[in-house]
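Asks: coords please:
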Amino acid sequence: MADRMREYKFKGRDSESARNRRRENAVELRRNKKAEQMMKRRNVVTEDVKPLGESSGNNSKAITLLELPQICTGILTATDPKAQFHAVQSCRKLLSKEKVPPVENIIQNGLVPKLVEFLGRSEYPELQYESAWALTNVASGTSDQTLAVVQAGAVLYLIKLL
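Replies: Below you'll find the model as predicted:
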């Protein structure tokens, strides 16, 4: 009966190659779903929707995003709260919008402890908001990246912000 089935149903086809093709398709679907979930966890916005009242109207000031070296300089050395806010906001957007965000670069450049420090600055709620968002994007990566955020002391500050 197996010979008859092989000649009729699978004529010219190898069942092993069909099985491999189905397996590869299933793996690809799982990868795509995992990538999609990671993008959702990082709050990646696929449309041009602006959070917290950032309007896209013509009368608003255009916000230019900084590159990673400028972000590092702005977060680590700037003393002006507006410059710090701009750097943290650029960091958050960099982590949110890219398909493969530079989370490791953020951690290696020592930005996580400074972002945690900004969580404690209650006189600048916008800075706290952007810092919390950037830290959650860092924490949504691998377990080592999450551990870096926890070890920097972010949990206590985040609980206080609740």
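
Asks: the protein: strands as residue ranges?
Replies: Taking DSSP state E as the criterion, the chain contains no strands.

Asks: where does this protein have low pLDDT?
Replies: Applying pLDDT under 70 to the chain picks out residues 1-13, 42-63.

Asks: let's see that with 80 instead.
Replies: For the chain, the stretches with pLDDT under 80 are 1-15, 18, 38-65, 97-99.

Asks: what residues sit buried inside the longest helix seen in it?
Replies: For the chain, the helix with the greatest residue count under DSSP state H is helix 15-41. Judged by neighbour count (16 or more other C-beta atoms under 10 Å), helix 15-41 contains these buried residues: residue 39. Where C-beta positions appear, they are placed from N, C-alpha and C, glycine not excepted.

Asks: quick one: distance of it to the chain centre.
Replies: In this view, helix 15-41 has its centroid 21 Å away from the chain centroid, taken as C-alpha atoms, centre = their mean, to the nearest Å.

Asks: now swap in stretch 136-143 and tell me
Replies: Using C-alpha atoms, centre = their mean, the mean C-alpha position of stretch 136-143 is found 7 Å from that of the whole chain.

Asks: kindly report the same for stretch 108-116.
Replies: Chain-centre distance of stretch 108-116: 16 Å, with C-alpha atoms, centre = their mean.

Asks: quick one: contacts for residue 122?
Replies: By C-beta atoms under 8 Å, 6 or more residues apart in numbering, residue 122 lies in contact with residue 128.

Asks: quick check: it vs residue 38, distance?
Replies: 31 Å (C-beta to C-beta, to the nearest Å).

Asks: distance of residue 110 relative to residue 26?
Replies: Separation of residue 110 from residue 26 (C-beta to C-beta): 41 Å.

Asks: same check, this time on residue 87
Replies: According to C-beta to C-beta, residue 87 and residue 26 sit 43 Å apart.

Asks: what's the answer for residue 114, then?
Replies: 43 Å.

Asks: now do residue 96
Replies: Distance from residue 96 to residue 26, counting by C-beta to C-beta: 30 Å.

Asks: what's the answer for residue 64, then?
Replies: 43 Å.

Asks: just residue 34 next, same as before
Replies: Distance, residue 34 to residue 26, using C-beta to C-beta: 13 Å.
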